[in-house]
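> mind looking at a prediction? Sequence and model below.
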There are 2 protein chains.
Amino acid sequence: MRVDIGNALAAEATPGIPRDALDTLDERVAAAHERIERGIEAREHGYAALALPETVDTDEIRAAVEPLSDCETLVTVGIGGSALGAATLCDALSPEFDSVVLDNVDPDETSRVLSELDVERTAMHVVSRSGTTAETLATFLVLREAFERAGVDWTDRTLVTTGEEGNLRALADQHGLPVLDVPSGVPGRFSVLSSVALPAAAMAGADLEALVAGARSESETLSDSLFSCPAYAYGATSYALALRGWRVNAMCPYAESLETFAEWFAQLWAESLGKDGLGQLPTRAVGATDQHSQLQYWRAGPRDTMVTLVRPDERASCPIPETDLEGIGYLGGTDLGTLLDTEFDATEASLAAAGRPTVRVEIDRVDERALGELLYGMEAACVLAGELFDVETFTQPAVEWGKRAAGGLLGGEETTEAARVGEKTRLVVE
Amino acid sequence: MRVDIGNALAAEATPGIPRDALDTLDERVAAAHERIERGIEAREHGYAALALPETVDTDEIRAAVEPLSDCETLVTVGIGGSALGAATLCDALSPEFDSVVLDNVDPDETSRVLSELDVERTAMHVVSRSGTTAETLATFLVLREAFERAGVDWTDRTLVTTGEEGNLRALADQHGLPVLDVPSGVPGRFSVLSSVALPAAAMAGADLEALVAGARSESETLSDSLFSCPAYAYGATSYALALRGWRVNAMCPYAESLETFAEWFAQLWAESLGKDGLGQLPTRAVGATDQHSQLQYWRAGPRDTMVTLVRPDERASCPIPETDLEGIGYLGGTDLGTLLDTEFDATEASLAAAGRPTVRVEIDRVDERALGELLYGMEAACVLAGELFDVETFTQPAVEWGKRAAGGLLGGEETTEAARVGEKTRLVVE
C-alpha cells in the first residue's frame, strides 16, 4: 500500500496541512505508535486486532470449512462487523462465488433470498461474538427452518463463529456443530483477518496465506513516523484534515470490486472514531461512477469533504474496439482501464484545482496480498487516528441505547428506553 | 408519502428548528412554491421534471420495449442519472428480474459481467442525454462487440434513449435502432419517471401507469405551505437543519429493496444542492444494518448528521419460528418485519434521546404507486431546497473541469486542465 498525501498539504488544499504542522504532528505519531506497540504486544483489547497476522490460524479455518466444500453457496448470517469482512473479501477476491450475506432482518429480502436458494447446495456460517445478537439469531432460526423444510440436515451444513459463552455457543455444543472462536480482544469491525471473515474467503477459494502475508508485510511498516508508515500517513492526514474542517471522508475506490471495501471502511471509521462529538464521517463512493453523483458536492459544496482515492496499479484488460463514431474515435483501440485511470487522474486534479484535499492510496492489484495490506493498513490508520483524537477506539457505547429500547419493546420488559419510544413528538404532514 | 418532522423541532433536537422559525420559513416556502409552479407550467429547464406525471407517454415506452420482451436480461448502459433511475426501479419493484447496470468503466467488472452474460437472451438500453458521454459509449462499443462475437444481431436488441443530437442519435439513425427522446428540460438526475428509466421498469414487468399515478398524486399535494405538502415539509426541514449545522443527510430506508433508492437520492441531493459552498451532503445507509455501522457516529460524533428514516407500513411476512434458545424466546412466533419495525422505532428514539434530528418518511408499501410518490416527493423536496438555498438546482458545473481534463488527456488535446494533471504535488509514503 502506498499513500500519497501531497494533495492534503497547504500548498494544494484550502485549508490544507502546513508542512511544519505535519512535522509537529509526527511527534504525536511517535508517542501514539509507542502506545499502539505496547497494546499489540500485550494483546490488549482492540490492539490485539493488529496482532492477527501473527496469531490467526489459517489451517484451523481451512479445516473448518473443508466439510462444506461441496456446497456452492455460502450464506453468512451476521450483522455489522460479523458480516462486512466476509462480504468485502468475497466481493473483492471472488465475485463469481455465490456468497450471500444476510445482514439485515428485512422480511421481503430474506423471503426472496430463501425462495431462490438451492438449500441442497448451501452452507451457512453464523457469526455473533456475543452469541445473543437478536438480528442474527432471528435470521438463523428462519434459515434453519428452511433447511428442515427441505429435508436437509442443517447440522451438517452449519459453521459457527462465536465467543466462549452465549446462546450460539450453547446451540453449537448441543448439536455438535463445528465452532471457531472469535479471537480474544478483537472487536467485530477489526475482525476481517480472523475466524469471523476468513471462512467465507476460504469457501470462495481465496488464498488465506497470501491475505495474511499481505497484512503482515503492512504490519512491518508500523514505525514511529508517519513519513515511513503508509497506514500512519493515512490516519494522521485524515485526522489533521478533520481538525481543519474536513469532517467527512469519502472513500472512493476506482474499482467496482472494492465497493464493499468502502462499506467495510465506513463501519471501521464511523464506529471507532465517532464519539464524544469527535470523529470523521466516512461516506462510500466508487469511481468513476460517483463523478456523476457526488463529485459536484465534493468540489463545490461546503468545504467539508476530503476524498480518498484508491486504485490498483494493474487491472484486467478490456479493450475498447476501434470505432468510426464521431468524436470518440480517440477511445477506440484503448482499454476501459486506461479510461478509468485517466478519470482517476482527472478527478484528483479537479479537486486539487478547487483546493479540496484528496489522499491517494495505491495497491498493486486487487488480489489477496494487496487486499491484506489495504485492510490491515486501514485498521492501523484507524487505531492511530483514535489515539490522535483521544477517543475510545474500540467501544461503541452509542449503539447500546437502541438495543435496550428494542429489547424492551420486544421482550416486554419495561425499560426507560422502551418507554421513551412511545413519547415521540409528532408533526406529521400528509 | 407521509413526512413526520417532529424530531427535527427544537423540542427534540439540539439545535433543532424552533416552531416559530418554521412559520417564518413557511413564508419563503410560499414564495418558492410560486416560482416552482411557474417553472412547471412553462416547462422551464429543470422544473419540467415536475411535469413528467402529466407529460410522460407510457404507451410509447411500453411499445419501445415490446420487441425485446423475449429477452431475460436487460443491460442498461449509462452513468449517473442515466443509470440510477433504472437501477432504483428494478431493485425496488422487481429484484428477481435480471437487470444489469453497467454504469462504470471498470475493466474487471465489465469483463466479468460479459463472461456471465447469455447474449442470446440479452437486450441493451443505451442512455446518454448528450449522446457523447465517454464512459457510456466506451461500454456500448465493448458490449456491441460481444453481441457480434456471439453472432447475435445487436441492432435487434438495442434500444436507445438520447437527445436530438449527438453520436448516439447518429448511430441509431444509421442502424435504424428504436430511439426514445430524453424529455426536454429534464436533467438526468430528475429523469427517473421518463424514457430514461421507465423502459427498464417495463422490461422488469412493473406497472408504469401505477408509478406515474403515484407521482401524480404527490404532485397534487404541492401547495404554498410546508404544513400541507409532505415534499416541501421534507425539503424545508432538511434546509433548516443544514443551516443549523446538520450538514449531512443520511438517507436510511428500513427496506433492503430501497437501498438503491438511497443512492439515487444521494445523486439528486449532492449534484443539485452542492454548489457555491452550500448544500447538504447525502450519505447512503440501510436499516437495520447500519445501526451496527453508522449509528455510533450519528448519535455521538460531531453534531452534523440528520437521519432520514424511511419505512413502508406493510411488508411481506417472514415468520420467526418458535425457539427454546435461551434469552431470545421472545423473538419466536413473531416476524422479521416486527423486529425490523421495532428497531426502526428504537433507532429513532435513540437519536432523539441524544438530541440528534431525524425525519420520518412513511410509504404504504414498496410498490409502484408508493415508489412514484416517494421519487416525485424527493424531487420536489430537492427543488424546494434549491430555491431556499438559492443555488442553481439544475446545473452541475463542478463536474465539467474533470471532463475537460480527461478529454484532454485521452484525446491528445492540450487543455489547461490536462496540463494540471501532470503538475501534481506528491508526498508519497511507502
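That came through, no problem.
> do you have the strands of chain A handy? List them.
For chain A, the strands defined by DSSP state E cover A:2-4, A:73-77, A:98-102, A:122-128, A:158-162, A:179-181, A:248-253, A:281-284, A:305-312, A:358-363, A:428-429.
> need the contact list for residue A:82.
Counting by Cβ atoms under 8 Å, 6 or more residues apart in numbering or on different chains, residue A:82 touches A:76, A:103, A:127-129, A:133, A:136, A:161, A:188, A:191, A:196. (C-beta placed from N, C-alpha, C; glycine too.)
> most neighbours, which of those residues?
For the contacts of residue A:82, the largest number of neighbours (other Cβ atoms under 10 Å in any protein chain shown) sits with residue A:127, at 34 neighbours.
> returning to that earlier point: closest to residue A:423 out of the contacts of residue A:82?
Of all these, the one with the least separation from residue A:423 (Cβ to Cβ) is residue A:133, at 27.0 Å.
> was I right to think that closest one contacts residue A:77?
No: using Cβ atoms under 8 Å, residue A:133 makes no contact with residue A:77, being 9.7 Å away.
> tell me if I'm right that residue A:3 and residue A:361 touch.
Yes: the criterion here is Cβ under 8 Å, and residue A:3 meets it with residue A:361 at 5.6 Å.
> hey, what's in contact with both of those two?
A:230, A:234.
> ok, back up a step: nearest to residue A:203, of the contacts of residue A:82?
Distances from residue A:203 to the contacts of residue A:82, taken by Cβ to Cβ, are shortest for residue A:76, at 9.4 Å.
> list the contacts for the closest one?
By Cβ under 8 Å, 6+ apart, the contact set of residue A:76 is A:82-83, A:86-87, A:99-103, A:124-125, A:127, A:200.
> so for stretch A:422-430, mean pLDDT?
Averaging pLDDT along stretch A:422-430 yields 93.
> now find how far off-centre it is within its chain.
35 Å (Cα atoms, centre = their mean, to the nearest Å).
> what about that stretch and chain B, any contact?
Yes: judged by Cβ under 8 Å from any Cβ of the partner chain, stretch A:422-430 comes into contact with chain B through A:424-430.
> buried residues in that stretch?
A:424, A:427, A:429 (16 or more other Cβ atoms under 10 Å in any protein chain shown).
> point out where the stretch 1-150 of chain A drops to low pLDDT.
For the stretch 1-150 of chain A, no stretch has pLDDT under 70.
> so who does the closest residue to chain B within it touch?
At 2.7 Å from chain B, residue A:80 is the closest residue in the stretch 1-150 of chain A, using Cβ to the nearest Cβ. Contacts for residue A:80 (Cβ under 8 Å, 6+ apart) come out as A:103, A:188-189, A:267, A:271, B:289, B:291-293.
> which residue packs closest to it, ignoring adjacent ones?
Spatial nearest neighbour of residue A:80, chain neighbours left out: residue B:292 (2.7 Å); criterion: Cβ to Cβ, 6 or more residues apart in numbering or on different chains.
> count of neighbours near that neighbour?
Counted by other Cβ under 10 Å, the residues lying close to residue B:292 total 26.
> how close does residue A:224 get to chain B?
Distance, residue A:224 to chain B, by Cβ to the nearest Cβ, to the nearest Å: 13 Å.
> the closest residue to that residue other than its chain neighbours - how many residues pack around it?
The shortest distance from residue A:224 to any non-neighbouring residue, by Cβ to Cβ, 6+ apart, is to residue A:30 (4.1 Å). With neighbours defined by other Cβ under 10 Å, the count for residue A:30 comes to 14.
> same check, this time on residue A:95
Neighbour tally, residue A:95, other Cβ under 10 Å: 18.
> for the closest residue to residue A:298 other than its chain neighbours, list each beta-bridge partner.
Excluding its sequence neighbours, the residue lying closest to residue A:298 (Cβ to Cβ, 6+ apart) is residue A:305, at 5.1 Å. On the basis of DSSP bridges, residue A:305 is bridged to residue A:248.
> just the pLDDT at residue A:305, thanks.
98.
> list the contacts for it?
A:246, A:248-250, A:283, A:297-298, A:356, B:281.
> next one: residue A:362
Contacts of residue A:362 by Cβ under 8 Å, 6+ apart are A:1-4, A:310-313.
> relative to residue A:87, how far out is the residue nearest to the spatial centre of chain A?
Computing the C-alpha centroid of chain A and ranking residues by Cα atoms, centre = their mean puts residue A:264 first, at 1.6 Å. Using Cβ to Cβ, to the nearest Å, residue A:264 is found at 8 Å from residue A:87.
> next up, phi/psi of the most far-flung residue of chain A relative to its centre, please.
Within chain A, the residue lying farthest from the chain centre (Cα atoms, centre = their mean) is residue A:324, at 43.3 Å. Residue A:324 adopts backbone torsions of phi -100, psi 10, taken as degrees, to the nearest 10.
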